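Chemist: Curious how this folds, go ahead:
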Amino acid sequence: MAKKLPKDPGLDNTFKVLKEAYTYVPCRLEKFNTKAFQTSGMGMKPIAVISGKKAAELFYDNDVMQREKTLPKRVVNTLFGKGAIHTTKGKVHVDRKALFMSLMTEENLTYLRELARNYWFIHTEAMQNKKEVNIYKESIYVLTKIGFRWAGIQQTTEEAERNARDMDIMIDSFKGLGQTIGGGYRKAKKARARVEQFLEDQIVAVRKGHIKVDPGTALYEFAHWKDYKGNPMEARLCAIDLMNVVRPLAAVNRFVSYAVKAMIEFDQERKKLQISDDPNYAYKFAQEVRRIFPFVPFLPGKFKKTVEFDGYEIKKGTFTLLDVFGTTHDPELFENPYQFNPDRFGKWDGSPFDLIPQGGGDFYTNHRCAGEWMTIIVMEETIKYFANKIDFDAPEQDLSVKLDQFPGKVTSGTIIKNVRPRRVH
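Modeler: Numbers count the residues shown, from 1 in each chain. This is a model prediction of the structure:
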């Protein structure tokens with residue numbers, strides 16, 4: 001007979017979750033010696049928290065789990081946008097997801113790799129001329145330029161700087177989830193509105209023939225796309241989904257900051273990137289950065305039917321959280337999970353249910369981030385650049401990553417100085 005889930009006491013543990021951040025779920029799993037427990041939040045609503053590979057398999061079973069309309073309203077308003085693909089279901093979701101996935105051609109991904117390689121190289125001189133470079137701040141500017149250029153979006157230098165700042169404000173808005181409506185939330189909504197308007201203007205200009213853009217680019221395909229009923233997407237919604245193509249690339253600035261931190265703290269790993277005869281080492285390094293450092297803490301859903309998980313009964317209609325951070329640090333899946341070890345991905349089977357820093361499941365039918373392939377490509381090229389194309393010094397700084405704060409980031413942002421082209425003798 002299935003047991004009842006162990007319960008973390010409290011009428012509403014929202015504040016507790018926000019206070020403990022990435023440590024909240026792993027601590028309860030250890031306390032209860034289980035892969036699932038019950039907590040409460042959002043006005044005393046019971047929540048089942050599930051963790052591990054089997055939890056991810058359950059979470060991404062479309063017959064078992066409803067994921068649309070479960071994201072907090074604030075996250076939708078600031079990070080994804082009203083009406084975004086993340087809020088859709090059924091045929092509408094599959095139809096619009098196919099549009100996203102149609103962009104992931106070999107030609108487009110090769111072009112993205114070339115852009116990432118070239119944009120960082122071109123940016124070397126700008127970093128040389130700075131006394132200090134904050135990698136977190138510097139990379140969001142470069143990555144936003146890469147993403148917009150790849151998508152076919154046209155912008156001036158001033159617009160690129162503004163769009164990068166606004167992207168950062170949106171991505172960082174997650175830290176204000178537990179606060180009352182205030183300046184941070186309003187600031188993030190205004191930032192999103194500015195970028196949405198900028199992209200909507202481009203969509204409209206393409207449709208009117210005022211802007212020429214190549215077929216195959218995201219801007220062209222979104223502007224000309226028609227749904228399964230033969231209707232074009234409304235211009236504002238089109239801008240929102242277009243932003244959700246390039247926004248994940250801007251968010252890679254956190255991973256870039258983590259990656260350079262790892263190069264500073266593990267010099268032997270940086271040397272492996274420089275001298276390794278393994279052509280896939282940058283890929284392994286990128287995947288380990290994505291696995292070990294905090295990004296998405298958990299993902300929401302709701303059970304469509306009563307299920308048994310880990311010996312516990314979870315009733316139909318129960319709101320649930322998939323433990324993302326805990327799953328990527330599960331010792332049953334990753335040996336010595338808190339040890340930085342890129343070589344662990346030499347024999348990885350590519351499962352869509354264990355390495356889930358940006359979500360899991362199938363790209364086409366689930367809510368898995370369509371930009372994940374793009375993230376990995378850009379990270380690979382960025383890692384190769386910092387390891388092989390430049391030398392730099394790392395001043396004294398706080399390189400800690402505080403797991404009790406949302407969203408995860410290097411405290412200092414990762415500071416380097418004395419940037420200069422690397423000469424290989």
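Chemist: From Lys3, how far out is the nearest residue to Ala2 once chain neighbours are set aside?
Modeler: Leaving out its chain neighbours, the residue that sits closest to Ala2 by CB to CB, 6 or more residues apart in numbering is Glu313, at 3.7 Å. (C-beta placed from N, C-alpha, C; glycine too.) Distance, Glu313 to Lys3, by CB to CB, to the nearest Å: 7 Å.
Chemist: Tell me which helix or strand comes right after the helix or strand hosting Met101.
Modeler: Taking DSSP states H and E as the definition, one finds Met101 inside helix 90-102. The helix or strand immediately downstream of helix 90-102 is helix 106-122, counting by DSSP H and E.
Chemist: what angle do that next one and helix 90-102 make?
Modeler: 60 degrees (axes from the mean of the first three to the mean of the last three CA atoms, to 10 degrees).
Chemist: Can you show me the strands along the stretch 251-400 of the chain?
Modeler: Along the stretch 251-400 of the chain, counting by DSSP state E, counting those that start in this stretch, strands occupy 298-303, 307-309, 312-314, 319-323, 390-393.
Chemist: Redo those strands as CSV? Include mean neighbour count.
Modeler: Shown next, in CSV, are the strands of the stretch 251-400 of the chain (neighbours: other CB atoms under 10 Å):
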stretch, mean neighbour count
strand 298-303, 20
strand 307-309, 17
strand 312-314, 19
strand 319-323, 25
strand 390-393, 16
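Chemist: how about those strands in a markdown table, adding distance to Asp343 and mean pLDDT?
Modeler: Formatted as a markdown table, those follow (distance: least, CB to CB, whole Å; pLDDT from 0 to 100):
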| stretch | distance to Asp343 | mean pLDDT |
| --- | --- | --- |
| strand 298-303 | 28 | 93 |
| strand 307-309 | 32 | 96 |
| strand 312-314 | 36 | 95 |
| strand 319-323 | 25 | 95 |
| strand 390-393 | 25 | 98 |
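Chemist: would you list the ones you listed in CSV and tack on distance to Leu333?
Modeler: Putting the strands of the stretch 251-400 of the chain into CSV (distance: least, CB to CB, whole Å) gives the following:
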stretch, distance to Leu333
strand 298-303, 16
strand 307-309, 17
strand 312-314, 20
strand 319-323, 12
strand 390-393, 34
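Chemist: Out of those, flag the one nearest Ala286.
Modeler: Closest approach to Ala286 among those (CB to CB): strand 390-393, 17.7 Å.
Chemist: buried stuff in the next helix or strand after that closest one?
Modeler: Where DSSP H and E defines the elements, the next helix or strand beyond strand 390-393 is strand 415-421. Neighbour-count burial for strand 415-421 flags Ile415, Ile416, Val419 (criterion: 16 or more other CB atoms under 10 Å).
Chemist: ok, now which ones touch the nearest residue to the second one once chain neighbours are set aside?
Modeler: So the one you mean is Ile416. Closest residue to Ile416 apart from its sequence neighbours, by CB to CB, 6+ apart: Phe392 at 4.1 Å. Taking CB atoms under 8 Å, 6 or more residues apart in numbering, we find Phe392 in contact with Val133, Phe386, Ile416, Lys417, Asn418, Val419, Arg420.
Chemist: Work out the gap between the helix holding Met101 and the centre of the chain.
Modeler: 19 Å (CA atoms, centre = their mean, to the nearest Å).
Chemist: Which positions within it qualify as buried?
Modeler: So, applying 16+ other CB under 10 Å, buried residues of helix 90-102: His93, Asp95, Arg96, Lys97, Leu99, Phe100.
Chemist: helices or strands next to that helix in the packing?
Modeler: helix 218-224, helix 235-265 (3 or more CB pairs under 8 Å, 6 or more residues apart in numbering; DSSP states H and E).
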